[in-house]
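Student: Sharing a sequence plus its predicted fold:
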Amino acid sequence: MGRACAIIGIGQTKHAAKRGDVSLPGLVREAALRALEDAGLGWRDIDAVVIGKAGRHIAVKHAHEHVFGYTICNDVTARDRQVRRTPEGMTWYELGSGKAFDTSAPLGPCIVTADEIADPQNLKVQSRINNELRQSSSTSNMIWSCAELIHFFSRNFTLKPGMVIITGTPAGTAWSADKELGGKGVTQPGLVPAKRYCLPGDVVECEVENIGVLRNAVAEANEQTSRVAAE
């Protein structure tokens, strides 16, 4: 669908705390994610903005003029590929290695056109793993609004139709439970705390109000992929 995706690393306030087409409501898209044997495979339920009109240096007040619509992204991340440490103990993040797999960033279940979303900053966002509620928030908790993100990215490069801006996830990802990789174990009331990363057989559901549900099953990596990944 898109030529490129632009993503914010930390896009919601509570997520920050855990780290050191046509509108068809209820539509479900199903796809499979491949899990490498050595990967700490995590999920991130994210509202995504689909660009419909090209632009550069777009002012915040005119950002909405460049939006075609909104969809959902499951920002699949292999955390053990992303978090790096030097022998001296310094920690740094290699974002590309943890997100650039063939099955990363599934989008769907549809694109809801901008005219059908009255306020993109007031949408309920939830994710479930095997029917357990892991994330529950609102786009009102975004650190930067969709308009501000459009402005920011357009300062660096031309936004073109089909590009997708992935806005940022709420708290509750598996990383929060991984103290070895810097997670702080922050879990908000009413959520089932994550105890591990995703494994083959798990079903991830990402839901955004007025858009629908994006459902992804985690599949076992084939033998060749697992062997190469271990090298």
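Tutor: Yes, it's here. Numbers count the residues shown, from 1 in each chain.
Student: pLDDT score for Lys14?
Tutor: Lys14 is assigned 52 on the pLDDT scale.
Student: Correct me if wrong, but Ala63 is in a strand.
Tutor: No. Under DSSP: H, G, I helix; E, B strand; the rest coil, Ala63 sits outside any strand and is assigned helix.
Student: Please look at it and Ile150 and confirm they touch.
Tutor: Yes. The pair Ala63 / Ile150 is scored as a contact, 3.9 Å apart, by Cβ atoms under 8 Å. No exception for glycine: its C-beta is placed from N, CA and C like everyone else's.
Student: And these two? Which one has more around it.
Tutor: Ile150 (26 against 21; other Cβ atoms under 10 Å).
Student: Which secondary structure element is home to that one?
Tutor: Secondary structure from DSSP states H and E places Ile150 in helix 146-156.
Student: Which strands or helices does that helix pack on?
Tutor: strand 45-51, strand 164-166 (3 or more Cβ pairs under 8 Å, 6 or more residues apart in numbering; DSSP states H and E).
Student: For that helix, buried residues please.
Tutor: Cys146, Ala147, Leu149, Ile150, His151, Phe152, Phe153, Ser154 (16 or more other Cβ atoms under 10 Å).
Student: mind putting these in CSV, pLDDT and distance to Ser140 included?
Tutor: As requested, those are exported to CSV (pLDDT from 0 to 100; distance: Cβ to Cβ, whole Å):
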residue, pLDDT, distance to Ser140
Cys146, 96, 12
Ala147, 97, 14
Leu149, 96, 15
Ile150, 97, 18
His151, 97, 19
Phe152, 95, 19
Phe153, 95, 21
Ser154, 96, 23
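Student: Looking at those, spot the one nearest Cys110.
Tutor: Nearest to Cys110 among the buried residues of helix 146-156 is Cys146, at 17.8 Å by Cβ to Cβ.
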